[in-house]
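1. predicted model and sequence below, questions to follow.
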Amino acid sequence: MNIKDQVISIIADQAFLTPSDVSMSSTLDSLGIDSMGIVESIFAIEETFDVSVPFNANQPDATGFDISSVASIVAGVERLRAEQA
Amino acid sequence: MKRVVITGAGTVNPLGLNVPDTLAAMRNGVCGIGPLAFRDVERLSIQIGGQVHGFDGESQHNRQKIALYDRFTQFTLAAASEAIIQSGLVFEGELAAKSGVVLGTAGGGVSTWDDNYRAVYAEGKNRVHPFVVPRLMNNAAASHVSMEHRLKGPSFTVSTACASSNHAMAQAFSMIRSGMAPVMVTGGSESMLCFGGVKAWEGLRVMSRDACRPFSANRNGMVQGEGAGIFVFEDYDHACARGAEILCEVSGFAMTSDASDIVMPSKAGAARAIKGALQDARINPDEVGYINAHGTGTMANDKTECAAVADVFGTHADRLMISSTKSMHGHLIGGTGAVELLACIMALRDGVIAPTIGYEEPDPDCALDVVPNIARDSRVTVALSNAFAFGGMNAVLALRAI
């Protein structure tokens, strides 16, 4: 699985949906993922990709990791992986 | 119903190793938060906290005793001695038989767990010290206070996360008010500043990496602290009969449960606790001059707490002062309400309101008088102390000047 499919799978799992119900333009809110669900999704991303995601639940928009849509999360993970390589 | 007063106070916390030093630091807006220093701190993403420095628990007790005292117990014993000495009480005979200890802690002997898990898991040892269990148990601190001061009445430990101390003090208050006990030693302590204790909190993603700035628009989370606050609660008539110095009256309390979310606070639950404390203490809302806020510095708590205060007090919310001393000493988790009660006592006795330091930007969601950055001289006759825990368990105490 590529990064995109893995991220979609993590988010779908958190939202109790099948991956086909999650599109790149979906927002976490539209998928019914609340603040604790976001923290859990980020933990799953860190564990899956062995990266550290700079995320603070108090400032979700200010920590350099854009969680505004599935596409932005995929892009963020790709960037973190690239930085790691 | 008996009236209940406080006749002794003691503390160990990041601002001071006793009450006078702590109150002086609060008056001066001192920040007790700094870089953490302990084993493996470099593996943490959060490396600041309100650590107690200069406290030498080891030298205060003999080797046999220190083997039984986790750091949270050491803090407790030092604070309890200060409080009981100030009260002038000596527990003997009938008084000793009826007086007890109710303390709060969320984690108990966290560093004892941490050290011994490290030994058996990381270092592969197959043997631990024989006193691991009596050191780490949540009631260890309360037990050692009862043993050291011969308190033979009802003693136990309350654990409701960040509201533990307030729940404990509410219990002690009830026991005196009902006539069950003439004197109770109460408060709480916490010592979670070790690798495992901070690592667990990191996971929640609610911790600040730089400072605790309650109510400030640019706040970015909570900062852990450690320490203890211990008080002597006493039947008013008992205190008067022996000519004791009274620090203030404890006039009421309320406890509520949000029954909604395990971590997100609820405005309704907080408001019901505040309102309930006023009713229990027969206090009119407009008598309240100061509230020591729960004020953790997270987005969610501070916004919800201010909304709850606005709901309960209406237009008076704009006239009262509300500050969070966690900006100075950090969040002492199960011990926090006890150390924060000191700020209420300072307001009632000395007419000095402790500030919320680190305040940088007004937040329209926290548009109350948060006593930003500088302490204020102001006469107040009634103060409240809020504690709202994870798990949605809230406890608010009401105090009155005497």
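-> Yep, it's here.
2. give me every residue in the stretch 251-400 of chain B lying close to chain A.
-> B:263-264, B:298-300 (C-beta under 8 Å from any C-beta of the partner chain). Glycine gets a C-beta too; all of them are placed from N, C-alpha and C.
3. buried subset of the residues you listed, written for ChimeraX?
-> Here is the ChimeraX command that selects the buried residues among those (16 or more other C-beta atoms under 10 Å in any protein chain shown):
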select /B:263,298,299,300
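4. any idea which of the residues of the stretch 251-400 of chain B next to chain A is closest to chain A?
-> When these are ranked by distance to chain A (C-beta to the nearest C-beta), residue B:299 comes first, at 4.5 Å.
5. and the closest residue to the closest one other than its chain neighbours, how far is that from residue B:390?
-> Once flanking residues are discounted, residue B:299 sits nearest to residue A:58: 4.5 Å by C-beta to C-beta, 6 or more residues apart in numbering or on different chains. Here the criterion is C-beta to C-beta, to the nearest Å. By it, residue A:58 lies 15 Å from residue B:390.
6. next, the residue most central in space within chain A: phi, psi?
-> Per C-alpha atoms, centre = their mean, the C-alpha nearest to the average position across chain A is that of residue A:73, at 4.5 Å. When read as degrees, to the nearest 10, the backbone of residue A:73 gives phi -70, psi -40.
7. so the residue nearest to residue B:299 belongs to a strand, correct?
-> No. Using DSSP: H, G, I helix; E, B strand; the rest coil, the assignment for residue A:58 is coil, not a strand.
8. so what's the residue nearest to the centre of chain A up against?
-> Residue A:73 makes contact with A:7, A:11, A:45, A:65-67 under the criterion C-beta atoms under 8 Å, 6 or more residues apart in numbering or on different chains.
9. what does residue B:106 give?
-> Counting by C-beta under 8 Å, 6+ apart, residue B:106 makes contact with B:159-162, B:164, B:190, B:192, B:333-334.
10. helix, strand or coil for it?
-> Under three-state DSSP, the three-state class of residue B:106 is coil.
11. likewise for residue B:10?
-> Following three-state DSSP, residue B:10 is assigned to strand.
12. ok, it - contacts?
-> Counting by C-beta under 8 Å, 6+ apart, residue B:10 has contacts B:18-19, B:78-86, B:228-231.
13. what of residue B:2?
-> Counted by C-beta under 8 Å, 6+ apart, residue B:2 has contacts B:176-179, B:235-237.
14. same check, this time on residue B:313
-> B:285-286, B:288, B:320 are the contacts of residue B:313 under C-beta under 8 Å, 6+ apart.
15. follow-up on the earlier one: okay, and which of the contacts of residue B:10 map to strands?
-> Assigned to strands by DSSP state E, the following of these qualify: B:228-231.
16. how about these in TSV, adding pLDDT and distance to chain A?
-> Listed next are the ones in strands among the contacts of residue B:10 as TSV, based on pLDDT from 0 to 100; distance: C-beta to the nearest C-beta, whole Å:
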residue	pLDDT	distance to chain A
B:228	98	28
B:229	98	26
B:230	99	32
B:231	99	32
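17. most neighbours of all those residues, which one?
-> When neighbours are counted by other C-beta atoms under 10 Å in any protein chain shown, residue B:228 leads the ones in strands among the contacts of residue B:10 with 36 neighbours.
18. secondary structure element for residue B:386?
-> strand B:382-389 (DSSP states H and E).
19. elements contacting that strand?
-> Packing partners of strand B:382-389 (3 or more C-beta pairs under 8 Å, 6 or more residues apart in numbering or on different chains; DSSP states H and E): helix B:164-177, helix B:267-280, strand B:288-292, helix B:299-313, helix B:336-350, strand B:393-400.
20. of these, which approaches residue B:115 most closely?
-> helix B:164-177 (22.5 Å; C-beta to C-beta).
21. beyond that closest one, next helix or strand please.
-> Sequence-wise, the next helix or strand downstream of helix B:164-177 (DSSP H and E) is strand B:183-190.
22. buried stuff in that next one?
-> So strand B:183-190, judged by 16+ other C-beta under 10 Å, has buried residues B:183-190.
23. residue A:58 and residue B:390: which has the busier surroundings?
-> residue A:58 (22 against 17).
24. so that one sits against residue B:217, correct?
-> No. If you go by C-beta atoms under 8 Å, residue A:58 and residue B:217 don't touch, sitting 11.3 Å apart.
25. quick check: phi and psi on residue A:42?
-> Main-chain dihedrals, residue A:42, degrees, to the nearest 10: phi -70, psi -40.
26. just give me the neighbour total for it.
-> With other C-beta under 10 Å as criterion, residue A:42 counts 21.
27. can you check residue B:152 too?
-> Residues near residue B:152, counting by other C-beta under 10 Å, number 15.
28. before we move on, what about the one 10 residues further on?
-> Applying other C-beta under 10 Å, we find 28 residues neighbouring residue B:162.
29. could you do residue A:5 as well?
-> Residue A:5: 11 neighbours (other C-beta under 10 Å).
30. for it, list the residues it contacts.
-> residue A:19.
31. now the helix or strand hosting it: buried residues?
-> Using DSSP H and E, residue A:5 maps to helix A:3-15. Of all the residues in helix A:3-15, those buried under the rule 16+ other C-beta under 10 Å are A:3-4, A:6-12, A:14-15.
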